[in-house]
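# build the 3D model from these lines:
(4 chains)
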Number of protein chains: 4
Amino acid sequence: MTGDGNGDVDGDGAQTFRTGIGTSTPDTILLLGQDLAGDLIGKVSFGELAFWLIAKRRPTPEQLVMFEAVLVSLADHGFTPTALAARLTYLSAPESLQGAVAAGLLGGGSRFLGVTEDAARFLMEALAAHPDRPDDEAGWDELAVELVAEAKAAGRFVPGLGHPVHKVEDPRTPVLFDLARRNGTFGDHLELFAAIGRAHPAVLGRTLPLNGAGVCGAVLADLDLPLAVLRGCALLARCAGLLGHLAEEQTDPIGMDVYLGVDRNVDYRPPPE
Amino acid sequence: MTGDGNGDVDGDGAQTFRTGIGTSTPDTILLLGQDLAGDLIGKVSFGELAFWLIAKRRPTPEQLVMFEAVLVSLADHGFTPTALAARLTYLSAPESLQGAVAAGLLGGGSRFLGVTEDAARFLMEALAAHPDRPDDEAGWDELAVELVAEAKAAGRFVPGLGHPVHKVEDPRTPVLFDLARRNGTFGDHLELFAAIGRAHPAVLGRTLPLNGAGVCGAVLADLDLPLAVLRGCALLARCAGLLGHLAEEQTDPIGMDVYLGVDRNVDYRPPPE
Amino acid sequence: MTGDGNGDVDGDGAQTFRTGIGTSTPDTILLLGQDLAGDLIGKVSFGELAFWLIAKRRPTPEQLVMFEAVLVSLADHGFTPTALAARLTYLSAPESLQGAVAAGLLGGGSRFLGVTEDAARFLMEALAAHPDRPDDEAGWDELAVELVAEAKAAGRFVPGLGHPVHKVEDPRTPVLFDLARRNGTFGDHLELFAAIGRAHPAVLGRTLPLNGAGVCGAVLADLDLPLAVLRGCALLARCAGLLGHLAEEQTDPIGMDVYLGVDRNVDYRPPPE
Amino acid sequence: MTGDGNGDVDGDGAQTFRTGIGTSTPDTILLLGQDLAGDLIGKVSFGELAFWLIAKRRPTPEQLVMFEAVLVSLADHGFTPTALAARLTYLSAPESLQGAVAAGLLGGGSRFLGVTEDAARFLMEALAAHPDRPDDEAGWDELAVELVAEAKAAGRFVPGLGHPVHKVEDPRTPVLFDLARRNGTFGDHLELFAAIGRAHPAVLGRTLPLNGAGVCGAVLADLDLPLAVLRGCALLARCAGLLGHLAEEQTDPIGMDVYLGVDRNVDYRPPPE
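Below is the predicted model:
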């Protein structure tokens, strides 16, 4: 067996598969090394368990406040493309709720749900490239100016800067900053993102808001969650929003009207022969 | 416009789409009629928001305890087929975490994740058919005997009775029953399910455990959540478990070994010409 | 190892996994027992290979004509809910074409893509319950009257009877009937479906068209394809249609306008406190 | 309405949605401007329709041979991770065939199904950067040496060069090259890819085979199909293979054994407290 994984071949030739998540015996269910029934059910919130599963460590109470705040921040944004995709899929296949949820999550990609991950990546890479951290606001602003100028010169956007609806301020942003400060989880990623919020107008010549989804990326990065699962946090949050949309579609549907509104207003222009 | 939905045509011909979930203005994000930034972030847990989204009502503190307990109970069961499907999908397309999560959720169907919904449906239908509720344990047992005998005569299983691993007792079951009693949410669905647990041996001639996922269905039914979204609660819970598996696959993968273990041990028997 | 599958444990304890689909050696790729490079590439059409994969037998030339005709019939229907779900998913996550295709296929369920399977099931069950087959049109009509009357009495629709757009005749229907006759694949399922088309007005009091997707189900059943994969044939056909929509969305998008058309016309009615 | 799409607002304010794919009237179904019933069913193969849908132009007979050859080449590779994900999903949710197919397609990403697209992109970009094309084999080899050396210097692989199983020659490769020559579709992409096959050993110091999936990318590029849908061609091909696997899983399952083989051989190592 020469896979690149952790499967081990012991003396008698049996392949084993390593995990630290969960396993069961006839009497016990273990999750993260804990006794699910005795130690977790009724004792940890779902948000706490989700953090623990993703990070393989239990959050502190303050970290948990921030993690739940991020999940609440990202759960739903009304009639997004992902909510519509889920509702249209439910319209076509109402017997498979999982298919409708999956269809909704599949839109969790670069354009509408990726800001959280993109902002975190930008901040992580910037900090990794600048191991000597500023020790005052002026120093952070200086670094921010440098980064925004670099992005501008390269013709790239700074992820998390700007919002299509909240042109002046994303209402989530100050609340999340304040919450992180009060919970002692305000770290370098939020410092740098805040500095970008202060410093970018001087470089870009206009003032953009810090996107709440971007702030969520900075919050999660300051909780030391690995970059590769940050999109997953956004997906978990969105899963709850999609369930809300699908529950509403069951009682108060819009899917058929969305479909008919398009299908009946087709402008048919076939390709040339 | 003659869809079966709620789209309204007002005087000037514009189609509108009704929702009570969320909407935004430049200054505000509304979710369930609340100010997301001012009233929800940092003030409700993710579990509370998820209940609210699904049920369109805020849970009481006791209901919330039970809802979070159910989500924790259902979050993960180790190397399930759904966890393996997610890991194998991640192996093939690591650039699309949403695809791997979606693949895992797509297994959330009748055989491995459907018990919660099936048990709730069984209990709801039984209670709907018996509007006069028993007022003591003997009465509940009598009803349970009747239902189990009916199922047996029809050659059907009682959903939520029995478990492939936990042959004697599912460790989640007594914890959830106890928690529901202490939180005052122990209603008719749990009463009936408990009675089925006591009464079925006399009918079936053997003693089966009450499956924890089935108990979760009874708990959610006693919280007055609609049947049609109960599978969704299991999907939300499982979403967290899948993220745990995918985070682990990123650092300690088994997908390649699972694949090679099958592919290298193929017993190829092509169809006849 | 006590799974319900075909894995065999040979003398030295190694689990094997049986398949007749495909396997590879360093020199050869075998597919369905054929040498992919030498016997299949450039020698069979994709439709022929698809039939062979699904049925584990090579179609006759006449069966292949019918199978390709069904795939062509079902490939696309314009701005269906599934096409819209795929386009909206692509809008959100353009980096993952597979996610957009998958989202579209997930709508391949009971309401918009299930007619093919449902009609075939209805016809198969009816024929299984009537092993003595009629030997003339009058006999088929008699059976059809009986079946339609049964369905009416039970308050059920006959699957494949009626179409939301083609109120008088589905243009695919006569073409498929004629093609099956000319190719010698017109069997009992098409006989019975045709009889339902002739006989139902006397029972229902109105004349409905035979739905082309339903005819496709009868055609596939007459090709002896197993019921359990008929939905799969519709999904394969639709996969091509979805790729057409996604290719068009790349150059001539409508997703953003669909989304904005809903989101900007929200009628927000939050739930009561 | 200010989306970035093609929706037009005409004088009376109605949004329209442009498409050249399909639309219906009560009497007719139009697909690509053709009368589906009269011009397509029974007259074009599914492969031909798929090309037409993707490219918005009808293939020549020679182009069609090559397109079908590519679809046949890519349809299946035995127990791939995507086939296993589809089978495991079917095991969990057998009532939703579309979910199992979707789960399989979601693995159609960078690592196991992306070679076709990656090779085509590499060749397209190389040709775009070298508008003056060589006019003999020596000239192509020179360009190939330059490109392979560039990739080596940058620490990148040349997509489509090398195969995990077919270490010496992918059996599909010579067949596809030969078929393209005989059908007159052997263009610059295949020329360059063939040159890479000849020229790379001098640069890399070892001889690698040209991967058949990579050749498929060059073939499709020579058919002038847009890069952005090439992954879609691989997905369509794979859809047929997945249906073969799922049909086999229905009669001769391995999913349960795969699952149990992992679950019963767990090496549980929970995270530290």
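
# what about A:Val168, which SS state?
Under the three-state scheme (DSSP: H, G, I helix; E, B strand; the rest coil), A:Val168 adopts coil.

# for the residue nearest to it when sequence neighbours are not counted, the count of nearby residues, please.
Leaving aside its sequence neighbours, A:Val168 sits nearest to A:Pro209 (Cβ to Cβ, 6 or more residues apart in numbering or on different chains; 6.0 Å). Yep, even glycine has a C-beta here, placed from its N, CA and C like the rest. A:Pro209 has 20 neighbours, counted by other Cβ atoms under 10 Å in any protein chain shown.

# hmm, A:Leu236 is touching B:Arg238, no?
No: contact criterion Cβ atoms under 8 Å: A:Leu236 and B:Arg238 do not qualify, at 10.5 Å.

# coming back round to it: so what's the residue nearest to A:Val168 up against?
Residues near A:Pro209 by Cβ atoms under 8 Å, 6 or more residues apart in numbering or on different chains: A:161-163, A:166-170, A:173, A:197.

# the strand or helix carrying A:Leu243 close to chain B?
In this assignment (DSSP states H and E), A:Leu243 forms part of helix A:227-251. Yes: residues of helix A:227-251 contacting chain B under Cβ under 8 Å from any Cβ of the partner chain: A:228-229, A:231-233, A:235-237, A:239-241, A:243-248, A:250-251.

# pLDDT weak spots in chain A?
A:1-14 (pLDDT under 70).

# tell me which residue is most central in chain A.
Ranked by distance to the mean C-alpha position of chain A (Cα atoms, centre = their mean), the top residue is A:Ala234 at 2.6 Å.

# that residue contacts A:Gly108, doesn't it?
Yes: using Cβ under 8 Å, A:Ala234 makes contact with A:Gly108 at a distance of 6.4 Å.

# is chain C contacted by the longest strand along chain A?
The longest strand of chain A (DSSP state E) is strand A:15-19. No: on the criterion Cβ under 8 Å from any Cβ, strand A:15-19 is out of touch with chain C, staying 9.1 Å away.

# which strands or helices does that strand pack on?
Applying 3 or more Cβ pairs under 8 Å, 6 or more residues apart in numbering or on different chains; DSSP states H and E, one finds that strand A:15-19 makes contact with strand A:8-9, helix B:255-263, strand D:266-268.

# nearest to A:Leu40, out of those?
strand D:266-268 (16.2 Å; Cβ to Cβ).

# what packs against that closest one?
strand A:15-19.

# closest residue of the stretch 101-250 of chain A to chain B?
Here the stretch 101-250 of chain A gets closest to chain B at one residue, A:Gly244, 3.1 Å apart by Cβ to the nearest Cβ.

# make sure A:His163 is actually in contact with A:Asp170.
Yes: the pair A:His163 / A:Asp170 is scored as a contact, 5.2 Å apart, by Cβ under 8 Å.

# number of residues surrounding the nearest residue to A:Thr116 once chain neighbours are set aside?
Of all residues not flanking A:Thr116 in the chain, A:Gly217 sits nearest, at 4.2 Å (Cβ to Cβ, 6+ apart). Neighbourhood size, A:Gly217 [other Cβ under 10 Å]: 34.

# cool, and A:Asp27?
Neighbours of A:Asp27 under the rule other Cβ under 10 Å: 13.

# do the same with A:Leu105
Neighbour tally, A:Leu105, other Cβ under 10 Å: 31.

# and for A:Asp178?
A:Asp178, neighbours per other Cβ under 10 Å, totals 13.

# distance check, it against chain D.
32 Å (Cβ to the nearest Cβ, to the nearest Å).

# and the stretch of helix or strand that residue belongs to, anywhere near chain B?
Counting by DSSP H and E, the element that carries A:Asp178 is helix A:172-182. Yes: Helix A:172-182 lies within reach of chain B by Cβ under 8 Å from any Cβ, at A:172, A:174-176, A:179.

# tell me the buried residues within those residues.
Buried residues within the residues of helix A:172-182 next to chain B, counting neighbours by 16 or more other Cβ atoms under 10 Å in any protein chain shown: A:172, A:175-176, A:179.

# kindly report the residues of the stretch 101-250 of chain A close to chain C.
So the stretch 101-250 of chain A meets chain C at A:102-103, A:106-114 (Cβ under 8 Å from any Cβ).

# list the buried ones in stretch A:30-45?
A:30-34, A:36-37, A:40-42, A:44-45.

# now do stretch A:132-143
Buried, per 16+ other Cβ under 10 Å, within stretch A:132-143: A:134, A:140-141, A:143.

# in CSV: the residues you listed, plus distance to chain B and secondary structure.
Formatted as CSV, the buried residues of stretch A:132-143 follow (distance: Cβ to the nearest Cβ, whole Å; DSSP: H, G, I helix; E, B strand; the rest coil):
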residue, distance to chain B, secondary structure
A:Pro134, 28, coil
A:Trp140, 24, helix
A:Asp141, 25, helix
A:Leu143, 28, helix
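
# so which of those residues is the closest to chain D?
Among the buried residues of stretch A:132-143, and counting by Cβ to the nearest Cβ, the member closest to chain D is A:Leu143, at 29.4 Å.

# if I pick that closest one, what's in contact with it?
Counting by Cβ under 8 Å, 6+ apart, A:Leu143 makes contact with A:126, A:130, A:134, A:192, A:195.

# go with 7 Å
Going by Cβ atoms under 7 Å, 6 or more residues apart in numbering or on different chains, A:Leu143 touches A:130, A:134, A:192, A:195.

# so who does the last one touch?
Residues touching A:Ala195, when contacts are defined by Cβ under 7 Å, 6+ apart, comprise A:140-141, A:143-144.

# wouldn't A:Leu64 be in contact with A:Phe46 here?
No: applying Cβ atoms under 7 Å, one finds A:Leu64 not in contact with A:Phe46, separated by 11.0 Å.

# A:Leu220 and A:Leu147, how far apart?
Distance of A:Leu220 to A:Leu147, given as Cβ to Cβ, to the nearest Å: 19 Å.

# neighbour count for those two, which is higher?
Between A:Leu220 and A:Leu147, counted using other Cβ under 10 Å, A:Leu220 has the larger neighbour count: 26 against 23.

# the more buried one: what's its closest spatial neighbour, skipping adjacent residues?
Closest residue to A:Leu220 apart from its sequence neighbours, by Cβ to Cβ, 6+ apart: A:Leu230 at 5.3 Å.

# repeat that for A:Gln98.
B:Gly108 (4.0 Å).

# residues near that neighbour, how many?
B:Gly108: 31 neighbours (other Cβ under 10 Å).

# for it, give me phi and psi.
phi -80, psi 60 (degrees, to the nearest 10).

# residues touching the residue nearest to A:Ala37 when sequence neighbours are not counted, list them.
In space, A:Ala37 comes closest to B:Pro171 once its chain neighbours are excluded; the distance is 3.8 Å by Cβ to Cβ, 6+ apart. Taking Cβ under 7 Å, 6+ apart, we find B:Pro171 in contact with A:27-29, A:37.

# go again using 10 Å as the cut-off
A:24-29, A:35-38, A:41, B:209, B:212 (Cβ atoms under 10 Å, 6 or more residues apart in numbering or on different chains).

# same check on A:Ala55?
Contacts of A:Ala55 by Cβ under 10 Å, 6+ apart are A:63, A:67, A:223-226, A:229, B:244, B:247, D:271.

# quick check, nearest of those to B:Phe79?
Once Cβ to Cβ is applied, the member of these that ends up nearest B:Phe79 is B:Gly244, at 11.9 Å.

# which residues touch that closest one?
B:Gly244 is in contact with A:19-22, A:31-32, A:49-56, A:229, A:232, B:75-76, B:83, counting by Cβ under 10 Å, 6+ apart.
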